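Undergrad: Following is a predicted model, sequence given first.
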Amino acid sequence: MVTIIKIGSSINRTINYNENKVKTGHAQCIEAGNYPVDLNKLTLSIKKKRFNKITSLNQNIKRNAMHITLNFSPLEHHSKETLIAIANTYMQRIGFARQPYLIYEHYDAAHQHLHVVTTYIKNDGNRMAIYNLAFRKSEPAREQIEERFGLIKAREQKPYNKFDLNSIPVKRIKYGETESKKAINIVLNYILNQYSYTNFKELNAILSQYNLTANRGRENSKTFQKRGLLYQILNKNGKPIGVPIKASDLDNQPTLTFLEEKFKSNMLKNADQQIRIKKIVDLYLLRSISLKHFTNTLLNHGIIVLKKDLSKGDEEITYIDSKTKCAISGDIPQKFIEKEINQAIDSQLSKKKIKSNLNNKNIKVKII
């Protein structure tokens, strides 16, 4: 199970998003926690009134809406009763058992998933402690729920070839094959939560493996100035194709603010994940006879090496580890940049050539 927690500025807008899905037949409200009437008697007005009454108790908090999604593996399917039990247990484990909340089951993706709407303002107007909630309470709750309900574990899902990014249930997007918005949702639901990335370079390196990119627009554009974010499908040559889709129009609203929060939280756990990449790169950097050999060697260890040409003639490398779900780019130590790789490779080739020539003359040497 994969969990996502988002903080928003409008509880009404969050409810409207889910209710609009219900109207189009893409979702259903399956449970209402801590409401004074039964679910079948709840109107849209009552749903909003319950939250608005609480949020009005603390006018100082502008971002008071919480939108939580619980995502299950495409390989499993659960009854409505089980989904409700899972969601209720999750809310209890993260400390929200007494808060009002609405549970929606959505049907607009390839995998079963729930949306939970709630607020962190309590009945007395005080706010709940939500700092670092994802790591303090959500992750432990997820692990406990996976064990209790026998769910497929988020960290242990093994594809047929665990080092092949294309073998996971999420496939590369092919423009025109599936409705664009749906295809983008499926990829983002997986990548944004399974992988560790700390900036747009790393994120887009990962997304490019699925023919997708996140774009803020040019610095003088309205999109950039208003902190907007667009997602667009790429063709087989890595070029944008089709109409870009706003982050706010997607299921989980993976906006710039959401990503910036993910960048910060990923910084905390990325250090340990980077160790594996650095050890393997250190080990095979000088052993490789060419950049292609170096790349193929790392690929055998589940690390994809992506090279990007920059506008000023420079180049950068991003390493994507499909085992630890970690990406490293720009901030890698200088010796991991491609220029250093090529220098090391060229140096080694020169040594081998010198050694060969000297050996042909029956001169024994030791190259250090």
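TA: It's in.
Undergrad: Could you check the pLDDT of residue 251?
TA: Listed pLDDT for residue 251 reads 72.
Undergrad: ok, and the closest non-adjacent residue to it?
TA: residue 185 (4.8 Å; CB to CB, 6 or more residues apart in numbering). From N, CA and C alone the C-beta is placed, and that goes for glycine too.
Undergrad: Where does the residue lying closest to residue 305 once chain neighbours are set aside sit: helix, strand or coil?
TA: Excluding the flanking residues, the one nearest residue 305 by CB to CB, 6+ apart is residue 295, at 4.6 Å. For residue 295, the assignment made with DSSP: H, G, I helix; E, B strand; the rest coil gives helix.
Undergrad: next one: the one 4 residues further on
TA: When states are read from three-state DSSP, the local structure at residue 299 comes out as helix.
Undergrad: Pretty sure residue 241 sits against residue 235.
TA: Yes - counting by CB atoms under 8 Å, residue 235 is a contact partner of residue 241 at 4.5 Å.
Undergrad: Sketch out the helices for the stretch 201-350 of the chain, chain order is fine.
TA: Taking DSSP state H, counting those that start in this stretch to define them, one finds helices in the stretch 201-350 of the chain at 222-225, 256-285, 291-300, 338-360.
Undergrad: Next, the buried residues of the longest one.
TA: Counting neighbours by 16 or more other CB atoms under 10 Å, one finds that the buried residues in helix 256-285 are 256-259, 262-263, 266, 270, 273-274, 276-277, 280-281, 284-285.
Undergrad: residues near the closest residue to residue 34 other than its chain neighbours, how many?
TA: Closest residue to residue 34 apart from its sequence neighbours, by CB to CB, 6+ apart: residue 100 at 4.6 Å. Around residue 100 there are 19 other residues, counting by other CB atoms under 10 Å.
Undergrad: do the same with residue 130
TA: So residue 130, with other CB under 10 Å, has 16 neighbours.
Undergrad: Pull the contacting residues for the residue lying closest to it once chain neighbours are set aside.
TA: Once flanking residues are discounted, residue 130 sits nearest to residue 120: 5.0 Å by CB to CB, 6+ apart. Contact partners of residue 120, counting by CB atoms under 8 Å, 6 or more residues apart in numbering, are 64, 66, 96, 99, 127, 128, 130.
Undergrad: let's see it at 10 Å
TA: Going by CB atoms under 10 Å, 6 or more residues apart in numbering, residue 120 touches 7, 54-55, 58, 61, 63-66, 95-96, 99, 126-130, 133.
Undergrad: all helices of the stretch 51-200 of the chain, in order?
TA: 80-93, 133, 139-149, 180-194, 200-208.
Undergrad: what's the angle from the third one to helix 80-93?
TA: Spelled out, it's helix 139-149. With axes from the mean of the first three to the mean of the last three CA atoms, to 10 degrees as the basis, helix 139-149 and helix 80-93 are set at 150 degrees to each other.
Undergrad: Give me the nearest residue to the residue nearest to the spatial centre of the chain, chain neighbours excluded.
TA: Geometric centre of the chain, nearest residue: residue 192, 0.9 Å, by CA atoms, centre = their mean. Among residues not flanking residue 192 along the chain, residue 254 sits closest, at 5.7 Å (CB to CB, 6+ apart).
Undergrad: measure the residue lying closest to residue 112 once chain neighbours are set aside to residue 146 for me?
TA: Nearest residue to residue 112, sequence neighbours excluded (CB to CB, 6+ apart): residue 72, at 4.5 Å. With the distance defined as CB to CB, to the nearest Å, residue 72 ends up 10 Å from residue 146.
Undergrad: can you list the domain ranges for the protein.
TA: Per automatic domain parsing, the domain ranges recorded for the chain read 2-156, 165-258, 270-359.
Undergrad: What's the separation between the residue nearest to residue 303 when sequence neighbours are not counted and residue 203?
TA: Excluding its sequence neighbours, the residue lying closest to residue 303 (CB to CB, 6+ apart) is residue 321, at 5.1 Å. Residue 321 sits 14 Å away from residue 203, going by CB to CB.
Undergrad: Residue 130 now?
TA: 24 Å.
Undergrad: Next: residue 224.
TA: Counting by CB to CB, the gap from residue 224 to residue 203 is 17 Å.
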